[in-house]
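1. predicted model follows, preceded by the sequence.
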Amino acid sequence: MDFALMSGSLSANVCSAKSGIEFLNIKMVKKCCVPCCRSNYDPTVYISCFQFPKEEDRRNLWLKKINQKDYSPSKNAVVRIKHFREKFVITEHHAVRDDGSVLTVKRIYPNLTLYAYPSIFPNQPAYLSSDPVSKEKLPSERRNEILNWDGKKFTDWCLKDIIKTFDDFPKEFPTKLTKEWLFIVQEDDVLFYKLNICNGQAPRIKVSFAVDRNLSVSAWHGEIALSNKSLHILQGNKCDRWTKFDCLLSTFENYEEKNVCIEDKFNYTLNFLQVVRKRKEKEEKLRIDERVLCFYEKGQGAIDILH
């Protein structure tokens, strides 16, 4: 909605604001169309006035409030600012700086809110100046209510999302699992796993993860232990929220070897080689011990023969 503001002035010019409201400084003095109002008849005094809104509903509301019988406003008809309540008048610009502080600047020309209408008529019956409670709230009021409502709703949701203790964990997680997931509840942890079953082959564990008493997560793809880098969705290794648990299930739904980070694959290979090396060392030591024992037994037999 566009309101045009008029001020008595010696020059004629027009400038457009971002809101689409035109501020006019005109040479001739505009007379307020409200009955019995003669406040801006003095050409030496600058008084802010507003043109009628272009929207038909708002225009009719203004006419109803002014209560001037059989009046049809011309394009130059205006209403003086004193007939509008303070809550309808915008006198300041507000802008947020980069540091979050608010910059407030006085407007050169006052403006009206979207739902403004004249409601102050000092020279007319008092009932015309009544200020009934409007069913339609101001935009700022509606915005604050929405923010407060959303904030409370979000806070409640965040509280329900928290997994407080390990003892609370087994009570809820079964409702979140699909039938492909299997689990084992133990005293100090819960193990979740999915099997890869192929015809003619022994079942093998495809993916698995465990949640311990500290709500810490350990996860594996096959035999490869997954680091926090592979589990970046947790933002750590704690499963302390149900949204994190849901993310784990979603991540492992179609988890493939290609999803495992290269560091985890390298560590698995390194650990495997170390295990093989230790096994070989153990086997080699065992063979040496067997040889020594065999040599000892043969030597002992030769000594017995000599005796």
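-> Looks like it arrived, so ask away.
2. Ile205 bridge partners, please.
-> Per DSSP bridges, the residues bridged to Ile205 are Leu195.
3. show me where the protein has its strands.
-> Residue ranges of the strands in the chain, as given by DSSP state E, are 5-8, 13-16, 22-26, 49-51, 78-80, 89-96, 102-112, 182-185, 189-196, 204-212, 217-221, 224-226.
4. low-confidence regions, this structure specifically.
-> 1-30, 39-45, 100, 127-150, 228-235, 257-276, 283, 286-307 (pLDDT under 70).
5. still on that earlier bit, Lys280: which of the strands of the chain is closest?
-> strand 224-226 (22.3 Å; C-beta to C-beta). Any C-beta I mention is one placed from the backbone N, CA and C, and that applies to glycine too.
6. so Val34 sits against Phe121, correct?
-> Yes: assessed by C-beta atoms under 8 Å, Val34 is found in contact with Phe121 at 6.4 Å.
7. more neighbours: which of the two?
-> A direct count of neighbours by other C-beta atoms under 10 Å for Val34 and Phe121 places Val34 higher, at 24 against 20.
8. separation between that one and Thr91?
-> Remark: distance between Val34 and Thr91 (C-beta to C-beta, to the nearest Å) = 21 Å.
9. still on that earlier bit, joint contacts of Val34 and Phe121?
-> 66, 83 (C-beta atoms under 8 Å, 6 or more residues apart in numbering).
10. distance of Val190 from His83?
-> As for Val190, its distance to His83 is 71 Å (criterion: C-beta to C-beta).
11. more neighbours: which of those two?
-> His83 (24 against 18).
12. the residue nearest to the more buried one when sequence neighbours are not counted: how many residues sit nearby?
-> Distance criterion C-beta to C-beta, 6 or more residues apart in numbering; nearest residue to His83, sequence neighbours excluded, is Pro118 at 4.0 Å. Using other C-beta under 10 Å, Pro118 has 27 other residues around it.
13. my guess is Pro118 contacts Phe84. True?
-> Yes: shown here, Pro118 and Phe84 form a contact pair, counting by C-beta under 8 Å, at 5.8 Å.
14. please name whichever of the strands of the chain is nearest to Lys244.
-> strand 217-221 (8.5 Å).
15. okay, now the sheet partners of the closest one, with direction.
-> Note on strand 217-221: by DSSP bridges, its sheet partners are strand 204-212 (antiparallel), strand 224-226 (antiparallel).
16. could you export these to TSV, including columns for mean neighbour count?
-> Below are these laid out as TSV (neighbours: other C-beta atoms under 10 Å):
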stretch	mean neighbour count
strand 204-212	19
strand 224-226	19
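17. which residues touch the residue lying closest to Ile163 once chain neighbours are set aside?
-> Leaving aside its chain neighbours, Ile163 sits nearest to Asp240 (5.3 Å; criterion: C-beta to C-beta, 6+ apart). For Asp240, the contact set (C-beta under 8 Å, 6+ apart) comprises 162-163, 215.
18. which residues in the stretch 201-307 of the chain form helices?
-> Ranges of helices within the stretch 201-307 of the chain are 242-253, 262-306, based on DSSP state H, counting those that start in this stretch.
19. return the set of buried residues in the first one.
-> For helix 242-253, a neighbour-count test (16 or more other C-beta atoms under 10 Å) marks 242, 244-245, 247-249, 251-252 as buried.
20. and it, what does it pack onto?
-> Packing partners of helix 242-253 (3 or more C-beta pairs under 8 Å, 6 or more residues apart in numbering; DSSP states H and E): helix 139-161, strand 204-212, strand 217-221.
21. which residues are in contact with the closest residue to Asp189 other than its chain neighbours?
-> Nearest non-adjacent residue to Asp189, counting by C-beta to C-beta, 6+ apart: Asp212, 4.2 Å away. Residues near Asp212 by C-beta under 8 Å, 6+ apart: 166, 188-189, 218.
22. ok, 10 Å please
-> The neighbourhood of Asp212, defined by C-beta atoms under 10 Å, 6 or more residues apart in numbering, consists of 166, 186, 188-191, 218, 239.
23. understood, closing this out.
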